[in-house]
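**Q** my questions are about this predicted structure, shown below with the sequence.
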Amino acid sequence: MEVDVGIFNPVLIPQSQYKRRRISLDNADNSLSCSVLRDIEDSLPTLRSSDYYTVPCLSELATREFMNPGFCSRIQDFTVGRVGYGCVKFIGETDVRWLDLDQIIKFSRCEVVVYEDESSKPVLGHGLNKPAEVTLLLRPKSLNRCNEDCLREVVGKLKCKTESQGAQLISFDPINGEWKFLVQHFSRFGLSEDDEEDIIMNDMSPEAQEPTEMDGGEVSDIDNETAQVDPTLLSHSLPAHLGLDPVKMKEMRMLMFPAEEEDVEDFNGVHSHERPPFAKESSRSLRHSSQRIVRKTPLALIEYNPGSYSSSSPGSILMVQQNKGLHLKASKSEGFKLDLKHETPVNGSHSHNIVDAALFMGRSFRVGWGPNGVLVHCGNPVCSTGHQNVLSSVINLEKVAIDKVTRDENNKVSEELGGFCFDSPLNLHKELSHETKEVELGSFKLKLQKLVCNRMTLSEICRSYIGIIERQLEVPGLSSASRVLLMHQVMVWELIKVLFSSRKIGGKSKSVKADNEEDMMPDGMESAPEIDLEALPLMRRAEFSYWLQESIYHRVQEEVSLLNDFSDLEHIFLLLTGRQMDAAVELAASRGDVRLACLLSQAGGSTANRSDIAHQLDLWRKNGMDFSFIEEERVRLLELLAGNIHVALHGVKIDWKRFLGLLMWYQLPPDTSLPDVFNTYQKLINDGRAPYPVPVYIDEGPIEEDKYNWKTVERFDLAYYLMLLHARQENDFGALKTMFSAFASTNDPLDYHMIWHQRAVLEAIGTFSSNDLHVLDMGFVSQLLCLGKCHWAIYVVLHMPFRENYPYLQATVIQEILFQYCEVWSMEVLQWQFIENLGIPSAWLHEALAIYFNYNGDNLKALEHFLECANWQKAHSIFISSVVHSLFLSGRHSEIWRLATSMEDHNSEIEDWDLGAGVYVSFYLLRSSLQEDSNTMTEMDTLENKNDACRDFIGSLNKSLAVWSSKLSVDARVAYSKMAEEICSLLLSESGEGLSREAQLNCFDTMFRGPIPEDLRSCHLQDAVSLFTCYLLEEAQ
């Protein structure tokens, strides 16, 4: 869906010059040395911005410089421009060698700057600091409706502005907004914001500029002052472009969201070509703000209703309304309304006042589109009736109808339809032959897949897909529109089989249909043991003719059923449009018109018969025969039999397939090849003499052709694109992106479920080759994800073509799918197993699960999965900060030992291991040593050794507390205290009678160094004092 928001984008130069790059001369004459080529290439000007262009273009400069050295030093009337903004033509000869045009020339809204850095500007007359003709594109928002006096006033203001900048006005065209003036040198030329408001954007009525009060004139108490905001400073902000009141929007954001002082600085580090289109305007508005409004802390929400994602029950968020009475300026705008003539993808119905909530509420809101096609907007709910006013504090949550293909005529999701639409075709695709390409991505490997088949097996493949669609047609409750689209898919697969399949003749594969099905081939054709190679194109033509007859048979019968019993000639004409020759001849003979029956029996045959009929008609006209005595329908039949299909169709509306059939059957010679037939039809379309091959949902469906201007869009039916592809047989077929868009076969712009398979099969048999159809791939991936089929989405991603310039494309997309839809695929064992069978590294799955469980607060599961994906540092961090203390306090020491020792082998990859999990490993080893029998002691057989070991552990414990203090909870500190207490108790139990007082006091000293509880410390302190007293008494004696 395309929405016209009134952006004027004139085309100043051919489309082919929109994107320019630095030109390489690698294919130059081999006789020229590499150094010369390199010098030429280095001397060319550079221009990397995609929307900038030059005249002459850079490729032409490279060619002329190569043919005529020094050409770039004397270019006549060199021009640089930006699409949609304007251009600068430097008068006379200009030396452009070694110029970095991206840095020198910068276009912005109604403004151009050349040499923004004054220190780098050359003297007058050198470089690009020279006389030039500047053309800027203004935004004539209301000039077309102005009278002559208004236009004269605008031109006068532009002239004054031009002369005030030292330039000379050349002209101003109000139709396309071109403002031309002449400058003698360069700095900055254009309009300021005030000038734009005065000249271009001044479209507010005087009444709308009068201040109004809210709720009886109550005045807000913000900062004890009346909030005054200059609307001029906000006239070019994003809300203004959306048709909203910018003053009101800014004040609402100030009131409801916390202060964010960094609004301007956010864009400082962004390159100009990466900056959002509103960045400059926002920063300028903030920079020029005369006074700052204090933002209050937002209050709680009054109401939250998530809704059911259906049009009848939209979700909503009702936000608080306070601070009433602000003096706001009323705006005559009515919000950002979508044209009701067009359908929107949101629930497939009309919608209006849809404004993205993130854009509406500002940066603090941070969401507009949610996952699975959820649109968060502030406006009327979709499918709502009337044009009632909508509170700006109500935010609706609605979901895009991406599952329309799985719904029946009652708009209920059918699991059976979902299986036939997605699971069955993808299972068939998976059963076909594939070739695998293994791509190394660091320490991981990804197995990319590509479908492999040939034209010999194409017939069987097409028949299998047709079988799936035929079973889908048998599902009860299918809507009539869906049946039309499904029957069209059947005919598309039949056409692929007719145009691109081959059969084996004499040990060689020949391009002709390989199956012998009676429903798509005349009797006797498949049974011929010997086939002349020259007859193969004619056989394909015959098969295509039969396909065409089958595809239009129902249209002919529908129109015949509307005729009365006295319309025999019209009946015969309709039968001829469907090439139902037997019925036409029989009808004519049954009415006694034997001569006409004889002519009909020869229709579409020898060109001599056509010439004879045409000659007879010409003789009648030359002899002045009065055709009024002959039935009009009889003359129409004779003209058709003579091959004059345009004369025969005068005043008759006919669909494109029947016109193509008439062209092939009655006008062109019977031995004309299919490529010639298709190219002739294409030429007639270009000349406006043939009906456009509109898609089936317009040709036969409920959508009217006039609803979309298809003649300008040139979006054709998929069957016609297949015909063009067969006619050209070239890999550079230029309509691939349009051919494989959803609109080529369905009116649902989000449905790619069958066209993806058709593209895969056609590419597998070598019909074309392209690595630039990622829109099709990602559209199908999004559709599968929204339906919860994550495993098939990853399967589709693995079939995306590998590109050397984007080697990590598939890996990035797969990891994003695993992360975002972890809750979906992890809950279904079959999906998990399917993903693993695709060769996706298990570490990616565990990493996604670890992040998911960590986000949901299940730290133990997050730790397990971080260990499985070998993210040792993150696992160690969670182990220390969130897991180990709860396990320790609950007495699950064996679990702690298992987790800690599993990381110990990778301690070199973990920062602060010795002060983290290593502390717990040391604790258990030390406790075990202290508890062992003295007979088994080896290194710690004395109290001094035990004391030293405990002192080292206490030291590590204290260091660990210092390092992890900011990440440790109260329970973690309690666990540290428990470890110190237990070690100290074991140490003191060893310092009994029979040991020296000094050794015992050293044990108390070690204990006091540990993070033990204060009550226990006081108790042991008394014991230490008693011991020290005894020690003094002993020394005194």
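**A** Happy to help now that I have it.
**Q** relative to residue 788, how far out is residue 825?
**A** According to CB to CB, to the nearest Å, residue 825 and residue 788 sit 9 Å apart. C-beta: built from backbone N, CA, C; applies to glycine.
**Q** so for those two, which residue has more residues nearby?
**A** The neighbour count for residue 825 versus residue 788, taken as other CB atoms under 10 Å, is higher for residue 825 (24 against 18).
**Q** list the contacts for the more buried one?
**A** Contacts of residue 825 were listed using CB atoms under 8 Å, 6 or more residues apart in numbering, and they are 790, 791, 818, 831, 832, 835.
**Q** can you list which of the residues you listed are found in helices?
**A** The helices, defined by DSSP state H, take in 790, 791, 818, 831, 832, 835 from the contacts of residue 825.
**Q** top of those by number of neighbours, please.
**A** When the ones in helices among the contacts of residue 825 are compared by neighbour count (other CB under 10 Å), residue 790 ends up highest, at 25 neighbours.
**Q** that one contacts residue 820, doesn't it?
**A** No: under the criterion of CB atoms under 8 Å, residue 790 lies out of contact with residue 820, with a separation of 9.1 Å.
**Q** the longest helix along the chain - what's its average pLDDT?
**A** Longest helix in the chain, counting residues (DSSP H): helix 536-560. Averaged over helix 536-560, pLDDT sits at 91.
**Q** do stretch 583-603 as well
**A** 90.
**Q** could the C-alpha coordinates of it be exported in CSV?
**A** What follows is stretch 583-603 as a C-alpha-only set of coordinates in CSV (Å, rounded to 0.1, in the frame of the first residue of the first chain):
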residue,chain,number,x,y,z
ALA,A,583,-19.1,-26.3,-30.5
ALA,A,584,-19.0,-23.2,-32.8
VAL,A,585,-19.2,-25.3,-36.0
GLU,A,586,-21.9,-27.5,-34.6
LEU,A,587,-24.0,-24.5,-33.5
ALA,A,588,-23.7,-22.9,-37.0
ALA,A,589,-24.6,-26.1,-38.7
SER,A,590,-27.6,-26.7,-36.4
ARG,A,591,-28.9,-23.3,-37.4
GLY,A,592,-28.6,-24.1,-41.1
ASP,A,593,-25.7,-21.7,-41.7
VAL,A,594,-23.6,-24.2,-43.6
ARG,A,595,-21.3,-21.7,-45.3
LEU,A,596,-20.4,-20.1,-42.0
ALA,A,597,-19.9,-23.6,-40.5
CYS,A,598,-17.4,-24.3,-43.4
LEU,A,599,-15.5,-21.1,-42.7
LEU,A,600,-15.4,-21.8,-39.0
SER,A,601,-14.0,-25.2,-39.5
GLN,A,602,-11.0,-23.6,-41.2
ALA,A,603,-10.5,-20.9,-38.6
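**Q** so where's the stretch 151-300 of the chain uncertain?
**A** Low-confidence segments of the stretch 151-300 of the chain, defined by pLDDT under 70, are located at 192-248, 251-300.
**Q** hmm, 50 instead?
**A** Judged against pLDDT under 50, the low-scoring parts of the stretch 151-300 of the chain cover residues 201-236, 258-300.
**Q** same question for the chain.
**A** In the prediction, the chain carries residues with pLDDT under 50 at positions 1-32, 201-236, 258-352, 512-529, 706-712, 933-940, 994.
**Q** quote the end-to-end distance of stretch 955-971.
**A** End-to-end distance of stretch 955-971 (CA to CA, to the nearest Å): 20 Å.
**Q** who's in contact with it?
**A** Residues from elsewhere that reach stretch 955-971, judged by CB under 8 Å, 6+ apart: 877, 880-882, 885-886, 889, 912, 914-916, 918-919, 922, 972-973, 976, 979-980, 1009-1011.
**Q** could you do stretch 597-615 as well?
**A** Contacts with stretch 597-615, where a contact means CB under 8 Å, 6+ apart, come from 572, 576, 579, 581, 584-585, 588-589, 638, 640-644, 665-666, 669-670.
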